[in-house]
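*Asks:* requesting a structural model of the entry that follows:
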Amino acid sequence: MVRRRSRFQAAAVVLAFVLLLAACGNSGGGNGASPEASEPPAGSPSASASATPTDSAGAAAFRDYETDKGTVKIPTKPQRIVTDYYGGELLSVGANVVGVEPTTFDNPFLKGMLDGAEDVGTDVDPEKTLAMKPDLIVVMYDTNYEALSKIAPTIHIPYGTATNIEDTVKLFGDIVGAPDKAEEFLAKYEQKAAEGREKLKGVMDENATVGLYELTDKGELWMFGDNAGRGGQAVYNALQLKMPEKIKSGDQTKQISLELLPEYAADYMFMTTYDPEKKGDQLAKFKASPIWKNIPAVQKNRFFFNDFDTYYRYDPIAIMGQIDLFVDMLLEANGKK
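*Replies:* Take a look at the predicted model:
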C-alpha cells in the first residue's frame, strides 16, 4: 500500500526546495529544473533536440526530452542521478547514481559500484531525494512524480520500454549524454557473448533446448522467455540457445502446473526459487515429486537450481555477468569443467 503524506508534509517539501534554490543564488545550475507541460507524445521516450547552453557563463546545458509525461528539459550531461529501479542501466553507461531503491544494493553484479549511493525508498522519497541535490531523476514507477519533478528534471520510463540489452543501453546512454559509453559497453557485451558461444561450440547439441523456470513460495511454477529476467537475455540472446517450443508463443511468462512440467521440459533446465523467507518447504516438496525425478534433464544431471537474487536481475551489467555463469553450468553438465 502506497503511503499518503498530508498536505502539510507536501508543502514542507516544496518550501524546503524553494529555500535550497534561494541559498544557491543565481548559479544557473541544473538542479531543480521543472519539466515543461505538454501533451504526452506517442511512442517511447527519445531525445528530440540538441543541447543549448542556458547562458554564456558556462552554466549547465539542457535539452528537451520527450516522455509519456510530456516534454522535460534535462541536463545534457547530468552529474547526480536518483532512480528507483534503473541503477544497473545507468551504471552501465558510466552515470553517477547517488540514490536508488533498496534492493539494488543486493544486486551481486553491482558490488562496489554503488559506494556512496543512498537508499531513497521503494517509492522514491521526495525528502530524501531533495537532500541529495540531484540534477536528474529517472523512475520506472511514477509514484511521487509530481513532487519529484519539483526537485529536479524527472523522466518516467515505464517498465518494458526497451525490450533487449542493445536498446536499453542505447536508451540510457542517450539519457545521460554518453552514447560513446553505450557503444563501449555493447562492444564488450558482444565480445563476451561471442566468447561464450565459442566455448559451447561442439559441446552441446546444436538443437538442444534450454528452459528457464521458477518455483515460488506458494508452490506456483512459471516459465520465462528472453526478456523477463532469470537469465533470459544471456541464454537466448547472447548465447543464442534454443527455447522450448511451448514457450515460443511470445509469452514472456507462463504459469504451468507441476503435472504439465514434462510437456514444458527442456534438454537443459534452470530453476530459480522465489522464497524470501527461506522456508524451503515448496522446494523440498518439488524435489520429492516423482514427476520431477522422472524428467530426462534431472536424470542426466542437466537440471540446475539457481540463486534467485543472482538470476532475477536483468540490467545490462547483470546480463553480461550471467553469460559466464550459464556457460560454466552448461560446460559442467557436459563434463567439460
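
*Asks:* helices of the stretch 101-250 of the chain, start to end?
*Replies:* 126-132, 145-149, 165-175, 179-200, 232 (DSSP state H, counting those that start in this stretch).

*Asks:* could you dump these to JSON lines with mean neighbour count and distance to Ile317?
*Replies:* For the C-beta atoms, the positions are set from N, CA and C on the backbone; glycine is no exception. Below are these laid out as JSON lines (neighbours: other CB atoms under 10 Å; distance: least, CB to CB, whole Å):
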{"stretch": "helix 126-132", "mean neighbour count": "19", "distance to Ile317": "22"}
{"stretch": "helix 145-149", "mean neighbour count": "19", "distance to Ile317": "25"}
{"stretch": "helix 165-175", "mean neighbour count": "21", "distance to Ile317": "10"}
{"stretch": "helix 179-200", "mean neighbour count": "16", "distance to Ile317": "9"}
{"stretch": "helix 232", "mean neighbour count": "22", "distance to Ile317": "16"}
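
*Asks:* dump these to CSV, plus mean pLDDT and distance to Met320.
*Replies:* Below are these laid out as CSV (pLDDT from 0 to 100; distance: least, CB to CB, whole Å):
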stretch, mean pLDDT, distance to Met320
helix 126-132, 97, 28
helix 145-149, 97, 30
helix 165-175, 97, 8
helix 179-200, 97, 6
helix 232, 93, 14
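
*Asks:* so which of the ones you listed is nearest Thr273?
*Replies:* helix 232 (16.7 Å; CB to CB).

*Asks:* list of residues touching the closest one?
*Replies:* Helix 232 is contacted from outside by 212, 224-226, 252, 314, using CB atoms under 8 Å, 6 or more residues apart in numbering.

*Asks:* quick one: buried ones out of those?
*Replies:* 212, 224-226, 314 (16 or more other CB atoms under 10 Å).

*Asks:* is Met223 bridged to anything, and to what?
*Replies:* Tyr213, Lys254 (DSSP bridges).

*Asks:* you'd agree it is up against Val210?
*Replies:* No - between Met223 and Val210 there is no contact under CB atoms under 8 Å: 11.5 Å.

*Asks:* pull out the buried residues from stretch 287-297.
*Replies:* For stretch 287-297, using 16+ other CB under 10 Å, the buried residues are 292, 295, 297.

*Asks:* before we move on, back to that, same list (the contacts of helix 232) but as JSON lines, adding pLDDT and distance to Lys128.
*Replies:* Converted to JSON lines, the contacts of helix 232 look like this (pLDDT from 0 to 100; distance: CB to CB, whole Å):
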{"residue": "Leu212", "pLDDT": "95", "distance to Lys128": "36"}
{"residue": "Phe224", "pLDDT": "91", "distance to Lys128": "33"}
{"residue": "Gly225", "pLDDT": "86", "distance to Lys128": "36"}
{"residue": "Asp226", "pLDDT": "85", "distance to Lys128": "35"}
{"residue": "Gln252", "pLDDT": "78", "distance to Lys128": "33"}
{"residue": "Tyr314", "pLDDT": "93", "distance to Lys128": "25"}
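
*Asks:* could you dump those residues into TSV and include distance to Lys285?
*Replies:* What follows is the contacts of helix 232, written out as TSV (distance: CB to CB, whole Å):
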residue	distance to Lys285
Leu212	21
Phe224	21
Gly225	26
Asp226	29
Gln252	26
Tyr314	28
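
*Asks:* between the residues you listed, which is closest to Asn237?
*Replies:* Nearest to Asn237 among the contacts of helix 232, with distances taken as CB to CB, is Asp226, at 5.8 Å.

*Asks:* over to that closest one: give its phi and psi.
*Replies:* When quoted as degrees, to the nearest 10, the phi and psi of Asp226 stand at phi -90, psi 0.

*Asks:* distance of the closest residue in space to it that isn't next to it in sequence relative to Asn334?
*Replies:* Nearest residue to Asp226, sequence neighbours excluded (CB to CB, 6 or more residues apart in numbering): Tyr236, at 3.9 Å. Distance, Tyr236 to Asn334, using CB to CB, to the nearest Å: 19 Å.

*Asks:* thanks a lot, see you next time.
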